[in-house]
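In: Sequence isn't available, so here's the structure alone:
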C-alpha cells in the first residue's frame, strides 16, 4: 500500500464572470503612472504593493479573499485570512521571474489577466532538498507526483492559482510578442 505523505497543495480555478477588459485597461494605465520595482522580475514591469482603492479590481480582491479562505479551510490551516499585499506583474516579451518564495505569508497566489500563447508558465520546484541529485533522469522512468523535480502550470486568462507561500517558483520567459499580465499576492491569518 502506498501512503501519500508531505503533500503540497496547489489550487487553480477560473473567474470567468469578472470584467477582464476593464481590469487590464486599469493595470496598463497604472503601470504608465507608477515606476517599476525589481524584486523577482527580470525585465518587464512589477509594481510596488497596491495601496488604497482600485475600483476595477475591487470585485477581484473580494473573490480572491473568499477563495483563499476556502482553500485554507480545505487544507487545514488557520483562517480567516486576508490579503496582506498585492502587486502588478507585466511580463513583456523576453522577460521572466527568477525562482523565489514569499516569506512571512501563509498562502500566495497569482491571478492572470492576460496570458498570450507561449508567454511562459509558472514552474513550482520540489521542496525536498537535493531531490534532483537522487531522482535524476538516470533512475526515473516516469515523472509524476512522486518523482518530479518540478511542476509546470500553464495558466489561462482569468485563472487564479493558489499555493503555500514557502513553495519555490519561477515564471518562464515570455516567448510571445505580447505582454503577460497578472496580479500576485500574499495572504496571512487575521490576528485575533
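Out: Okay, I see it. Predicted model, so just to flag it, every value in this text is computed and none were measured. Numbering: from 1, shown residues only.

In: mind listing the helices for this structure?
Out: All helices of the chain, identified by DSSP state H, fall at 20-33, 55-75, 131-134.

In: mind listing what's buried in the shortest one?
Out: Within helix 131-134, no residue is scored as buried using 16 or more other CB atoms under 10 Å. Backbone N, C-alpha and C define where each C-beta goes, glycine included.

In: cool, and stretch 21-35?
Out: By neighbour count with 16+ other CB under 10 Å, stretch 21-35 contains the buried residues 23-24, 26-28, 30-31.

In: wait, which of those is closest to residue 76?
Out: The shortest approach to residue 76 among the buried residues of stretch 21-35 belongs to residue 23, at 31.9 Å (CB to CB).

In: Please name the residues that touch the closest one.
Out: By CB atoms under 8 Å, 6 or more residues apart in numbering, the contact list for residue 23 reads 56-57, 60, 113.

In: Go again with 10 Å.
Out: Contacts were defined as CB atoms under 10 Å, 6 or more residues apart in numbering; by that measure residue 23 touches 54, 56-57, 59-60, 111, 113-114, 158, 181, 183.

In: For residue 83, see how far away it is.
Out: Using CB to CB, to the nearest Å, we find residue 23 at a distance of 16 Å from residue 83.

In: just to revisit the earlier point, looking at the buried residues of stretch 21-35, which is nearest residue 69?
Out: residue 23 (21.5 Å).

In: residues touching the closest residue to residue 12 other than its chain neighbours, list them.
Out: Of all residues not flanking residue 12 in the chain, residue 161 sits nearest, at 5.0 Å (CB to CB, 6 or more residues apart in numbering). Counting by CB under 10 Å, 6+ apart, residue 161 touches 10-13, 108-112, 122, 124, 153, 155, 169, 182, 184.

In: and those residues, which are buried?
Out: Buried among those by 16+ other CB under 10 Å: 10-11, 108-112, 122, 124, 155, 169, 182, 184.
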